[in-house]
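Visitor: okay, sequence plus prediction incoming.
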Amino acid sequence: MALGAASVLGYAPFHLFPVPVLTLAGLLLLLQRCAASDHATSDHATSDHATSDHATVRAAAATGFSFGLGLFLAGVSWVYVSLHDYGGMAMPVAAVFTLLFCIYLACFPATVAALVARLRVSTPVANLLLFPALWTLSEWTRGWLLSGFPWLALGYSQAPHSPLSGYAPVFGVFGLSLATAMLAGALAWMAHGVFQYTASSARLPLLGGGAIAAVLLLLGFTFSQVNWTEPVGTPVSVALLQGNIPQEMKWRPERAMATLDTYMQMARSTQAALIVLPETALPMLNVDVPVHYIEALSTHARTRNGDVLVGVPELAASGRYYNSVMSYGSAPTQVYRKHHLVPFGDYFPLRPVLGWVMKILHIPMSDFSQGEAVQKPILVAGLKVAVNICYEDAFGEEVIRQLPEATVLANFTNDAWWGDSIASKQHLQIAQMRALETGRAMLRATNTGVTAIIDPKGRIAASAPEFTTTVVSGEVLGYQGATPYVRWGNYGFIALSVLMILLAAIVRKVQSRR
C-alpha cells in the first residue's frame, strides 16, 4: 500500500515523475516474490501444483489490490471533499462512499497482478511485455467502464517534463502509460537479476534491461523534439476570467447579481480579443440572464472585433437542460453542449431504480441532458475552439473528435467542488496532457483555479494562483495539422498492447516445450 501511496508524488502538484517508475518496479518485484515463495512452498510441501497456482494468483491479486488502494486513497480521496464539504452528504456516508470508490478502482491493479501470475511467464516476458500491456489496457478500461474515471493513469505522471512525454502526441496518455510501465519493467528485471542470481547470470538482466530503458528514454526524447503541428494565423490576445465565487455561495439566488457584476467588471477591465468565462459562470439559466447583460458583454467584445465565451446552464427550445458554453460578440452566437456528463453530478443514473437513494442521502445535483457526441469547433476571434467542459478533458479520445479542424483547445471548469485539495492541480496536469497529445494550445478557464494558458508542448505559459479573483492574460496561436494520436486515437496503443500480449503468449508456448 505504501508503494501505491508514494506513486502520487509523481503527479501534480509534486511532479516527481521518476517516482511512479520506481514504485511500479517495486510492485513487480513484490509480484515476483509472491510467485517464488509459493512455488518454493509447493516444491517442499506438496506436489499439487494447482494449489500452488491458486495461492500464487491470490497473493498476487492481494498485492496488486494493496498497491491500487494506496494509490487511489492517497490520490483521489478529495472525492470526500466534494461529497461532504460541498455536496452536503453526511460525514460517515461520504467516507464510506469514498472508500468504496477507491476499492473499486483498486480492483483494476489487482486484476492485472492476478492475470500476470496466472499466465506464468518468465520474468523478462512478464516485466517487459505482459505486465505493461495489461496495466495499460486496464487503465483504458477504467477510463470508459461505468462512464469512466481515467484519473491517475500512469502516463499523466510523466507530463510534461519527463523524457517519456514525447510518446503522448504519438500514442496518447495510455501509450505514455505503456512506455512508463515498460521502463519500470526494465528496472525491475535489472533488480531481479542482481538480487536473485550470481554475478555472471545477472549480466543479461543488467545489459538487457539497461538497453531497453535507454531505448525507451531516447525514443521518447526524440519524439518530443518533433513539431507535429504548425502555427496558423496571427497571435490572438486572450483573457481568462477567474471569478473565485465560493462554491457554497455560487447558486444562492440572492448572490446571482453580484456574480454577474463581478464577471462584467472583469470583462470590461481587459481589451483582449477573446474573453473566456468558466463553467456555469453565470449561475442561472440562459433564458433568465438579463438581456441588457448579454448586450453589454456583446458590445464590449464587438468594440475590439472580438468575442466572449461564457459557461452557462442552457434551457433549449426542446425543453431540455444542458451544461453549455455560448459565444457572444462579433461572430454569430454558437453553442457547445457538454456530452460526457458526470454521474451523480450532472445527472442521476438509473433514476427509476435508484431515485430513492438520492432522497435518502440528500445528494444535490443537476439534471442535464447529454449534448451531441460530435460537435463543431466554435469560431471566435479568428480561432477555431474545441470546447470541453469540466472533466471532459480527461477523455482524450473525445477531445480529438473536434480535430484536426480546431486550432486551439479550451476547457471550462469549476474545480471549487474539490476545495483546497490536490485535485485541481491534477486536473491542470490532465489539461496539459491534452495539449501534448494534440499539439495545440489549451485555454483553461476555472472558477477558483487553476486558470492557465498551456502551450502545445504542455507547458504553462501563464497561470493564476488558486482562490484569487484575477484575469490571466496572454496571446495564443492557432495550430493546424494532426499528431499521430489525433489520426489514430487510442487504436495505436491498443494494437501495440495486444501485439505485446500475443508475443508473450508465443514466448510462453515456446518455453513450455523445452
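Guide: Thanks, I have it.
Visitor: the bottom helix or strand of this structure by mean pLDDT?
Guide: Across the helices and strands of the chain, mean pLDDT, DSSP states H and E gives its lowest value to helix 351-361, namely a mean of 55.
Visitor: three-state assignment of Pro160?
Guide: Three-state assignment for Pro160 (DSSP: H, G, I helix; E, B strand; the rest coil): coil.
Visitor: give me phi/psi at it?
Guide: Main-chain dihedrals, Pro160, degrees, to the nearest 10: phi -110, psi 10.
Visitor: ok, Phe101 next?
Guide: Here Phe101 shows phi and psi, under degrees, to the nearest 10, equal to phi -60, psi -40.
Visitor: contact partners for the closest residue in space to it that isn't next to it in sequence?
Guide: Using Cβ to Cβ, 6 or more residues apart in numbering and skipping residues adjacent in sequence, the residue nearest Phe101 is Val79, 5.9 Å away. Just so you know, the C-beta spots here come from the backbone N, C-alpha and C atoms, and that holds for glycine as well. Listed by Cβ atoms under 8 Å, 6 or more residues apart in numbering, the contact set of Val79 reads Phe97, Thr98, Phe101.
Visitor: mind listing the strands for the chain?
Guide: Assigned by DSSP state E, the chain shows strands spanning 230-242, 274-276, 307-315, 321-329, 335-337, 378-380, 383-389, 408-413, 442-446, 452-454, 460-463, 470-480.
Visitor: tell me, what residue is most central in this structure?
Guide: Residue closest to the average C-alpha location in the chain (Cα atoms, centre = their mean): Ala394, at 3.9 Å.
Visitor: per-residue pLDDT, it?
Guide: On pLDDT, Ala394 comes in at 97.
Visitor: and for stretch 92-106, what's in contact with it?
Guide: With Cβ under 8 Å, 6+ apart, stretch 92-106 has contacts from 65-69, 71-73, 76-77, 79-80, 83-84, 87, 89, 142, 149, 361.
Visitor: narrow those to those in helices?
Guide: Using DSSP state H, the subset of the contacts of stretch 92-106 located in helices is Phe65, Ser66, Phe67, Gly68, Leu69, Leu71, Phe72, Leu73, Val79, Tyr80, Arg142, Leu361.
Visitor: skipping its backbone neighbours, what lies nearest the second one in space?
Guide: Which is Ser66. Leaving aside its sequence neighbours, Ser66 sits nearest to Met1 (Cβ to Cβ, 6+ apart; 4.7 Å).
Visitor: my read is that the one you found contacts Gly70, right?
Guide: Yes - at 3.6 Å, Met1 and Gly70 qualify as touching, with contact defined as Cβ atoms under 8 Å.
Visitor: where does pLDDT dip in this protein?
Guide: Under the criterion pLDDT under 70, the flagged ranges of the chain are 36-52, 196-201, 349-366, 514.
Visitor: swap in 90 and give it another go.
Guide: Residues of the chain meeting the criterion pLDDT under 90: 32-56, 82-90, 120-123, 147, 192-207, 247-251, 342-367, 417-419, 449, 508-514.
Visitor: and Leu176, how far from Ala133?
Guide: 14 Å (Cβ to Cβ, to the nearest Å).
Visitor: more neighbours, these two?
Guide: Ranked by neighbour count (other Cβ atoms under 10 Å), Leu176 and Ala133 place Leu176 first, with 32 against 25.
Visitor: separation between that one and Tyr167?
Guide: The gap separating Leu176 from Tyr167 is 5 Å, by Cβ to Cβ.
Visitor: kindly report the same for Phe174.
Guide: Distance of Phe174 to Tyr167, given as Cβ to Cβ: 10 Å.
Visitor: common neighbours of those two, please.
Guide: Gly155.
Visitor: my read: Phe72 touches Ala110, true?
Guide: No - Phe72 lies out of contact with Ala110 (Cβ under 8 Å); the separation is 11.7 Å.
Visitor: ok, Leu297 - contacts?
Guide: By Cβ under 8 Å, 6+ apart, the residues touching Leu297 are Met264, Ala267, Val308, Val310, Tyr328, Gly329.
Visitor: ok, now with 10 Å
Guide: 260, 263-264, 267-268, 275, 277, 282, 289, 307-308, 310, 328-329 (Cβ atoms under 10 Å, 6 or more residues apart in numbering).
Visitor: just the buried ones from those residues, in ChimeraX syntax?
Guide: A single ChimeraX command selects the buried members of these (16 or more other Cβ atoms under 10 Å):
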select :260,263,267,275,277,282,289,307,308,310,328,329
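Visitor: kindly reformat the contacts of Leu297 as CSV containing distance to Ala159.
Guide: Below are the contacts of Leu297 laid out as CSV (distance: Cβ to Cβ, whole Å):
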residue, distance to Ala159
Leu260, 36
Tyr263, 31
Met264, 36
Ala267, 32
Arg268, 36
Ile275, 28
Leu277, 26
Leu282, 32
Val289, 37
Asp307, 30
Val308, 30
Val310, 29
Tyr328, 33
Gly329, 33
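Visitor: just give me the closest of the contacts of Leu297 to Leu187.
Guide: Here the nearest of the contacts of Leu297 to Leu187, counting by Cβ to Cβ, is Leu277; it sits at 46.0 Å.
Visitor: the stretch 1-150 of the chain: helices as residue ranges?
Guide: Counting by DSSP state H, counting those that start in this stretch, the segments of the stretch 1-150 of the chain that form helices are 2-7, 18-45, 49-75, 79-80, 91-119, 123-125, 131-142.
Visitor: and the first one, which residues are buried?
Guide: This points to helix 2-7. Buried-residue list, helix 2-7, by 16+ other Cβ under 10 Å: Leu3, Gly4, Ala5, Ala6, Ser7.
Visitor: which neighbouring elements make contact with that helix?
Guide: Here helix 2-7 touches helix 18-45, helix 49-75, going by 3 or more Cβ pairs under 10 Å, 6 or more residues apart in numbering; DSSP states H and E.
Visitor: domain ranges for the chain?
Guide: Here the domain parsing of the chain from automatic domain parsing is 2-227+490-513, 232-337+370-482.
Visitor: okay, how far is it across the shortest one, tip to tip?
Guide: According to Cα to Cα, to the nearest Å, domain 232-337+370-482 extends 13 Å from its N-terminal end residue to its C-terminal end residue.
Visitor: burial count for Asp261?
Guide: So Asp261, with other Cβ under 10 Å, has 11 neighbours.
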